[in-house]
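S.K.: Below is the structure, and that's it, no one-letter string:
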């Protein structure tokens, strides 16, 4: 019996280490090749680099216009996420506490909209805001943020809705009796209680928006407003198969989000787990 | 008077709380969806032309577009393969990291890492592996099936997309399965053990039926992701070799924005929407019926 347990736990360890290698080796491969020249990459991609040469990183940093690109991604991601969380929490609160006919209908529409593929919306979206209203060339970044507010609202309202339903109404009633307006009640009493689910929703939105490619590629047509994925695509087009530049570029693109993950890994994993339960 | 003021206050509150979401959701989802439907019944050669009523012409050309159905069929096969393997691997990983290994938190963190990176960049990363690294390894070790670049062969390119999708998303499903596995009552497992059920029987007859709610979520997510795959497809194979791995999403994007055939492109996008809505609707409905109470 004891032997059997040792064998089975050894087997589990073995399996999990194999999986670990499978999940990590692409990143290791990227890191070791980022210091190499093209010749070295071609002949021995699995060997350690002969020397630690950071010059390609500096070159790529300039070629990608990294400062501007990173700032664009940062602005779009943080502003979109902030407003999605803020507006969705307010909307969900209203939908839960005022279940009028219209509100119930609107909530159903929001939830049902989650099965609409982005591909079914992108052509009219570009047609309306590009060809007709000419906003895509005029205000690309604010427009992109507005699009994210729209596309992000369904899931976020749905998740807040589930959470708020479980909050007892008595606290709010007490606040009302003490003379709080609806707005005050929401911001002073309810919003602080939403913190756990707000963290989850923020994480999911940050991961999605930071990495999104198709929508920004349709909206951002000028190098000054590129976000990281769009820049990466253009960079790959210019330096096709030039791995000594492409690999540092890939690393520069993923490092910001990996740093965020290393700092907040526990809350990210817990956040995703919370989000899946309801 | 009092009542009237209260009503006005109500409307004010509604506008304040619901207004922003209602506005942005209408601007980006409702209006484009309705306008998109309208466009499919009209003819438009360039965005600048006035729209002309065209009846079902766009749908007819969509139905006659063989490339569209080819990409749709490829997408369906991709959906079947990835939904199966992503859930299998995701569940396996969740089982591993809840079985009491000392390093399980580190493992969870590591398995989830690919989810931090978008499909586009992952596509480039794996291009380096499939085009550059594996062939070099194959040459060195004399393994012929590694020497050939996988992305140059239609079948292998398809499976490369499946492999990268498994690698990318199974960590996310793992997290959802962990939440499900933790909530399976320990007493039930113990009771089954006392009744003499082995590990496999306990998994099949106790754990899995209680995990149906998790599977509803993971299958829904993996279905939807697979039907809509674009970034990875674009970055890893770009539809190649010779358009053999062009999924439906890429077909629609190309139709609209490269061929400038907006009407047919939008009609095809609506057909895609109908298929996704039916498939996910049936999936959620049937699997909800499979749920059991602990």
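M.R.: It's in. Fair warning: this is a prediction, and the values are worked out from it, not measured in the lab. Numbering: from 1, shown residues only, chains lettered A, B, ... in the order given.
S.K.: of all the residues in the stretch 151-294 of chain B, which ones are close to chain A?
M.R.: B:167, B:171-172, B:175-176, B:178-179, B:214, B:217, B:224, B:227-228, B:230-231, B:234-235, B:248-249, B:252-253, B:256-257, B:262, B:265-266, B:269-270, B:272-273, B:276-277, B:280-281 (CB under 8 Å from any CB of the partner chain). (Each C-beta comes from the backbone N, C-alpha and C, glycine too.)
S.K.: Which of those are buried? Put it as a PyMOL command.
M.R.: Provided next is the PyMOL selection string for whichever of these are buried by 16 or more other CB atoms under 10 Å in any protein chain shown:
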select buried, chain B and resi 167+171+172+175+176+178+179+214+217+224+227+228+230+231+234+235+248+249+252+253+256+257+262+265+266+269+270+272+273+276+280
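S.K.: show me what contacts residue B:115?
M.R.: A:207, B:168-169, B:171-172 (CB atoms under 8 Å, 6 or more residues apart in numbering or on different chains).
S.K.: now do residue A:103
M.R.: Counting by CB under 8 Å, 6+ apart, the residues that residue A:103 touches are A:94-95, B:18.
S.K.: For residue A:188, see how far away residue A:179 is.
M.R.: To residue A:188, residue A:179 is 12 Å away according to CB to CB, to the nearest Å.
S.K.: Among these two, which residue is more densely surrounded?
M.R.: Using other CB atoms under 10 Å in any protein chain shown, the more surrounded residue of residue A:179 and residue A:188 is residue A:188, with 11 against 7.
S.K.: Helices - which of the contacts of residue A:103 land there?
M.R.: Within the contacts of residue A:103, residues falling in helices by DSSP state H are A:94-95, B:18.
S.K.: Kindly reformat those residues as a markdown table containing pLDDT.
M.R.: Listed next are these as a markdown table, based on pLDDT from 0 to 100:
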| residue | pLDDT |
| --- | --- |
| A:94 | 92 |
| A:95 | 93 |
| B:18 | 92 |
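S.K.: Nearest to residue B:133 among those?
M.R.: Residue B:133 has its nearest neighbour among the ones in helices among the contacts of residue A:103 in residue A:95, at 50.9 Å by CB to CB.
S.K.: Sketch out the low-pLDDT regions of the chain for me.
M.R.: Using chain A here. A:1-4, A:276-278 (pLDDT under 70).
S.K.: um, chain B though
M.R.: Those would be B:1-9, B:45-50, B:292-294, if you go by pLDDT under 70 across chain B.
S.K.: Please convert the buried members of the contacts of residue A:103 into PyMOL selection syntax.
M.R.: Selecting the buried subset of the contacts of residue A:103 in PyMOL, with 16+ other CB under 10 Å as the burial test, is done by:
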select buried, (chain A and resi 94+95) or (chain B and resi 18)
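S.K.: Of the contacts of residue A:103, which is the nearest to residue A:78?
M.R.: residue B:18 (24.0 Å).
S.K.: Pretty sure that closest one sits against residue A:102.
M.R.: No: counting by CB atoms under 8 Å, residue B:18 sits too far from residue A:102 to count as a contact (9.1 Å).
S.K.: Skipping adjacent residues, who's closest to the residue in the stretch 1-150 of chain A positioned nearest to chain B in space?
M.R.: Across the stretch 1-150 of chain A, the shortest distance to chain B (CB to the nearest CB) belongs to residue A:150, at 2.7 Å. The spatially closest residue to residue A:150, leaving aside those adjacent along the chain, is residue B:28, at 2.7 Å (CB to CB, 6 or more residues apart in numbering or on different chains).
S.K.: what sits against the one you found?
M.R.: A:121, A:125, A:146-147, A:149-151.
S.K.: 10 Å instead?
M.R.: Neighbouring residues of residue B:28 by CB atoms under 10 Å, 6 or more residues apart in numbering or on different chains: A:121, A:125, A:128-129, A:143, A:146-153, A:215.
S.K.: Need those residues in JSON lines (columns: neighbour count and secondary structure).
M.R.: As requested, these are arranged in JSON lines below (neighbours: other CB atoms under 10 Å in any protein chain shown; DSSP: H, G, I helix; E, B strand; the rest coil):
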{"residue": "A:121", "neighbour count": "26", "secondary structure": "helix"}
{"residue": "A:125", "neighbour count": "27", "secondary structure": "helix"}
{"residue": "A:128", "neighbour count": "20", "secondary structure": "helix"}
{"residue": "A:129", "neighbour count": "23", "secondary structure": "helix"}
{"residue": "A:143", "neighbour count": "21", "secondary structure": "helix"}
{"residue": "A:146", "neighbour count": "19", "secondary structure": "helix"}
{"residue": "A:147", "neighbour count": "25", "secondary structure": "helix"}
{"residue": "A:148", "neighbour count": "25", "secondary structure": "helix"}
{"residue": "A:149", "neighbour count": "25", "secondary structure": "helix"}
{"residue": "A:150", "neighbour count": "23", "secondary structure": "helix"}
{"residue": "A:151", "neighbour count": "25", "secondary structure": "helix"}
{"residue": "A:152", "neighbour count": "26", "secondary structure": "helix"}
{"residue": "A:153", "neighbour count": "26", "secondary structure": "helix"}
{"residue": "A:215", "neighbour count": "21", "secondary structure": "helix"}
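S.K.: Let's have these in CSV, adding distance to residue B:100.
M.R.: Formatted as CSV, the contacts of residue B:28 follow (distance: CB to CB, whole Å):
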residue, distance to residue B:100
A:121, 46
A:125, 49
A:128, 55
A:129, 53
A:143, 51
A:146, 48
A:147, 45
A:148, 41
A:149, 44
A:150, 45
A:151, 40
A:152, 38
A:153, 41
A:215, 43
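S.K.: taking those residues as a set, which two sit the farthest apart in space?
M.R.: Longest span within the contacts of residue B:28, CB to CB: A:128 and A:152, 19.0 Å.
S.K.: So what's the gap between stretch B:168-175 and the chain middle?
M.R.: Between the centre of stretch B:168-175 and the centre of its chain there are 12 Å (CA atoms, centre = their mean, to the nearest Å).
S.K.: now do stretch B:153-161
M.R.: On CA atoms, centre = their mean, the centre of stretch B:153-161 falls 18 Å from the chain's centre.
S.K.: Outside of it itself, which residues are in contact with it?
M.R.: B:74, B:77-78, B:81-82, B:123, B:126-127, B:129-130, B:145, B:148-151, B:163, B:226, B:229, B:232-233, B:236-237, B:239-245, B:247.
S.K.: Quick one, which of those are buried?
M.R.: B:74, B:78, B:81-82, B:123, B:126-127, B:129-130, B:149-151, B:163, B:226, B:229, B:232-233, B:236-237, B:239, B:243, B:245, B:247.
S.K.: among the residues you listed, which are in helices?
M.R.: The helices, defined by DSSP H, take in B:74, B:78, B:81-82, B:123, B:126-127, B:163, B:226, B:232-233, B:236 from those.
S.K.: dump the residue contacts of the closest residue in space to residue B:98 that isn't next to it in sequence.
M.R.: Once flanking residues are discounted, residue B:98 sits nearest to residue B:181: 4.9 Å by CB to CB, 6+ apart. Going by CB under 10 Å, 6+ apart, residue B:181 touches B:91, B:94-95, B:97-99, B:174, B:207, B:210-211, B:214.
S.K.: what kind of secondary structure is residue 204 in?
M.R.: No chain specified, so I'll use chain A. helix (DSSP: H, G, I helix; E, B strand; the rest coil).
S.K.: look at chain B instead
M.R.: Here residue B:204 is helix, with the state taken from three-state DSSP.
S.K.: now do the one 4 residues further on
M.R.: Assigned state for residue B:208: helix (three-state reduction, three-state DSSP).
S.K.: For the closest residue to chain A within the stretch 51-200 of chain B, give me phi and psi.
M.R.: Closest to chain A within the stretch 51-200 of chain B is residue B:118: 2.7 Å, counting by CB to the nearest CB. According to degrees, to the nearest 10, the main-chain angles of residue B:118 amount to phi -70, psi 160.
S.K.: If you drop the residues flanking it in sequence, what lies closest to it?
M.R.: residue A:211 (2.7 Å).
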